[in-house]
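Novice: sequence plus the predicted model coming up.
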Amino acid sequence: MNWLVKEEPSSYSFESLVRDGSTRWSGVRNPLAQRHLAAVRRGDRIFYYHTGTERSIIGIARATGDPRRDPDDPRGRAVIVEIAPVGRLARAVPLAEIKTLKAFAGHPLVRLPRLSVMPIDDRQWAAIEKAAAAAPRAPRTTAKRPPRTRSRR
């Protein structure tokens, strides 16, 4: 299975994960995101998404263990997952570009912007890898063409 996790880079960036070598993914409190986190299994691939002003998928991580109970959750319901970095994408893929990919039509990344953990299917994974390997797309312009003029002869 494949996943996407989101984090504010000022809180814990992908570079922090690379520096640390691994971390426990914790602090997820949204019930749907917790259900997704509980479904992560050792070896699953994970896209690392920077939120805030970046709003881009920037790296790949891997789950190094199955979910376990979060020791910081007094209710005993939340889970955590250990993850480790795999590598940075060749090019960050911004949300604006992801929204143009057919594979992401209706996906939680574009529908539920506050969801911090979500599944990514193989087709979506391949679309992001392809986008990351390609040159950035030029932004679409909304400028109108000048009116055509007819020459009078």
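Specialist: Arrived safely.
Novice: in its sheet, what does the longest strand belonging to the chain sit against?
Specialist: For the chain, the longest strand by residue count, based on DSSP state E, is strand 79-94. Applying DSSP bridges to the sheet, strand 79-94 is found paired with strand 23-25 (antiparallel), strand 56-63 (antiparallel), strand 68-69 (antiparallel).
Novice: quick one: mean pLDDT for that strand?
Specialist: Throughout strand 79-94, pLDDT has a mean value of 97.
Novice: may I see the buried residues of that strand?
Specialist: In terms of neighbour count (16 or more other CB atoms under 10 Å), strand 79-94 has its buried residues at 79-85, 89, 91-94. The way it works is simple: take the backbone N, C-alpha and C, and place the C-beta from them, glycine included.
Novice: how far does the lowest-mean-pLDDT helix or strand in the chain sit from the chain's center?
Specialist: Within the chain, no helix or strand scores below helix 108-111, which has a mean of 92 by mean pLDDT, DSSP states H and E. With CA atoms, centre = their mean, to the nearest Å as the basis, helix 108-111 stands 10 Å off its chain's centre.
Novice: what strand or helix carries the residue most central in space within the chain?
Specialist: Using CA atoms, centre = their mean, the residue of the chain that lies closest to the mean C-alpha position is Y49, 3.6 Å off. Assessed by DSSP states H and E, Y49 sits inside strand 45-50.
Novice: rewinding a little: what's the most buried one of the strands paired with strand 79-94?
Specialist: With neighbours taken as mean count of other CB atoms under 10 Å, the strands paired with strand 79-94 reach their highest mean count in strand 56-63, at a mean of 21.
Novice: orientation of it relative to strand 45-50 in degrees?
Specialist: 140 degrees (axes from the mean of the first three to the mean of the last three CA atoms, to 10 degrees).
Novice: can you tell me the average pLDDT over stretch 97-104?
Specialist: Mean predicted confidence for stretch 97-104 is 96.
Novice: quick check: I57 touching R91?
Specialist: No. Taking contacts as CB atoms under 8 Å, I57 lies outside contact range of R91: 9.9 Å.
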